[in-house]
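*Asks:* Give me a model of this one.
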Amino acid sequence: MHLLINTGGGDAPGLNAVIRAVTLGALNRGWRVTGIRYGYEGLRSGDPDGLIPLDRDRVRGIAHLGGTILGAINKGNPFEYPVRRGEEVVLTDVSEEVLARFRAVGGDALIAVGGDGSLRIAQRFCDLGLPVVGVPKTIDNDLDGTLFTFGFDTAVSVATEAIGRLHTTAESHRRVMVVEVMGRDAGWIALHAGIAGGADVILIPEIPFDIGTVAGKIQAREAQGRGFSIVVVAEGAMPHDGDRAIRAHEAGRDVQLGGMGAQVAEQIQALTGKETRTTVLGHIQRGGTPSAFDRVLALRFGAAAVHLVAQGLFGHMVGYQPPDMVPVPIRDAVARLRRVPLESGTVRTARTLGICLGD
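*Replies:* You can find the predicted model right below:
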């Protein structure tokens, strides 16, 4: 068996642990393993350096490292690949080039590690006859069919530490500190880090917010002698009478969110008169060493993916449904985003603690 593996989309803490587990699990079965550099680019380009033979030496001591030794790319969809023709860039289907190279190198199966975008691509390749097993990766924790995705715990830990550090300076200067965290369509990071970090306001995409309610919470704290407040804002949060803050467009589609934290801070200062500052954590949440939980989770995902290949369960993703790793059809996993349920126990906990959710 010749097993190939790629890491698509954005990077996340734990990717190298998955690569290590897949490699060791395959080698222990007597299989051969090859890593594809930069998503599908290493196959599409035909570059000899686009494929990396993976052995025990190559994956030794990488489980604790952030990033991915294979590289990642979030604009390399082979079904909509940007090809320059003259002065124009045309989105072109180059999937046949990828399939032809996969067959040429003698590939028997592909383990695709990625979020919903990468797994949608994997499903399309599966429909074309490519034997694919998926591993869910996103710090946003918004893939269906799995309780947690690896990288989420690390991102929450980073955001929680940042919120904790901002507490001291906010209290010293009697300021409002607004912290913008990742969370395009789901507020898992904002909700968990906000609760763990002792935030006073948490704004998530699932609950459109009223800035007047947010300002009221801050003014109520002021009246109680609490002259500072911490506001955590997911990048995809939006006011009930507005829209998300979009930083960049491409071909008429929003491709990059950002700026909602600054908008919220400006409005808070205007409504309350309180000095308000903004901190955007951005890619800090993606980088660095994965937490112990994420390392173990990623290693379990990788090992389970090899088991799915051995069973011939192609077209499936490994799902973490405690205490087990279970096969989940990729098609089902990407059919909808896993958003924060409004009646979840975590949301109830936030409300019980007196945290304002903006509604």
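*Asks:* Give the next helix or strand downstream of the strand or helix carrying L191.
*Replies:* Secondary structure from DSSP states H and E places L191 in helix 188-197. Following the chain from helix 188-197 toward its C-terminal end, the next helix or strand by DSSP H and E is strand 201-203.
*Asks:* Show me how far that following strand is from its chain's centre.
*Replies:* Using C-alpha atoms, centre = their mean, to the nearest Å, the mean C-alpha position of strand 201-203 is found 20 Å from that of the whole chain.
*Asks:* Same check on stretch 292-312?
*Replies:* Relative to the centre of its chain, stretch 292-312 is centred 18 Å away, using C-alpha atoms, centre = their mean.
*Asks:* quick one: contacts of it?
*Replies:* 1, 3, 13-15, 17-22, 25-26, 29, 63-64, 109, 111, 131, 133-136, 148, 150-154, 290, 314, 316, 318, 320, 325, 327 (C-beta atoms under 8 Å, 6 or more residues apart in numbering). Quick note: C-beta positions are derived from backbone N, CA and C, even for glycine.
*Asks:* Okay, helices next: where are they in the stretch 1-150 of the chain?
*Replies:* Assigned by DSSP state H, counting those that start in this stretch, the helices in the stretch 1-150 of the chain fall at 15-27, 41-44, 56-59, 95-104, 116-127.
*Asks:* Enumerate the positions of the third one that are buried.
*Replies:* Neighbour-count burial for helix 56-59, with 16 or more other C-beta atoms under 10 Å as criterion, is recorded at V59.
*Asks:* Tell me the gap between it and the middle of its chain.
*Replies:* Centre to centre, stretch against its chain (C-alpha atoms, centre = their mean), the figure for helix 56-59 is 26 Å.
*Asks:* Which elements pack onto it?
*Replies:* helix 15-27 (3 or more C-beta pairs under 8 Å, 6 or more residues apart in numbering; DSSP states H and E).
*Asks:* now swap in the first one and tell me
*Replies:* In terms of contacts (3+ C-beta pairs under 8 Å, 6+ apart), helix 15-27 is packed against strand 2-7, strand 32-36, helix 56-59, strand 109-114, helix 292-311.
*Asks:* tilt between that helix and helix 292-311?
*Replies:* 30 degrees (axes from the mean of the first three to the mean of the last three C-alpha atoms, to 10 degrees).
*Asks:* how about helix 15-27: buried residues?
*Replies:* Those would be 15-27, for helix 15-27 by 16+ other C-beta under 10 Å.
*Asks:* following the worst-scoring helix or strand of the chain on mean pLDDT, which helix or strand shows up next?
*Replies:* Every helix and strand of the chain was ranked by mean pLDDT, DSSP states H and E. The lowest is strand 253-257, at a mean of 61. Under the assignment DSSP H and E, the closest C-terminal helix or strand after strand 253-257 is helix 260-272.
*Asks:* Just the CA atoms of that next one, as PDB, please.
*Replies:* Taking only C-alpha atoms (Å, rounded to 0.1, in the frame of the first residue of the first chain), the coordinates of helix 260-272 have been written out as PDB:
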ATOM      1  CA  MET A 260     -15.300  43.900  14.000                       C
ATOM      2  CA  GLY A 261     -13.300  44.400  17.100                       C
ATOM      3  CA  ALA A 262     -12.300  47.900  16.100                       C
ATOM      4  CA  GLN A 263     -15.900  48.700  15.200                       C
ATOM      5  CA  VAL A 264     -17.200  47.500  18.500                       C
ATOM      6  CA  ALA A 265     -14.500  49.500  20.400                       C
ATOM      7  CA  GLU A 266     -15.300  52.700  18.500                       C
ATOM      8  CA  GLN A 267     -19.000  52.400  19.300                       C
ATOM      9  CA  ILE A 268     -18.400  51.500  23.000                       C
ATOM     10  CA  GLN A 269     -16.200  54.600  23.400                       C
ATOM     11  CA  ALA A 270     -18.800  56.800  21.700                       C
ATOM     12  CA  LEU A 271     -21.700  55.400  23.900                       C
ATOM     13  CA  THR A 272     -19.900  55.200  27.200                       C
END
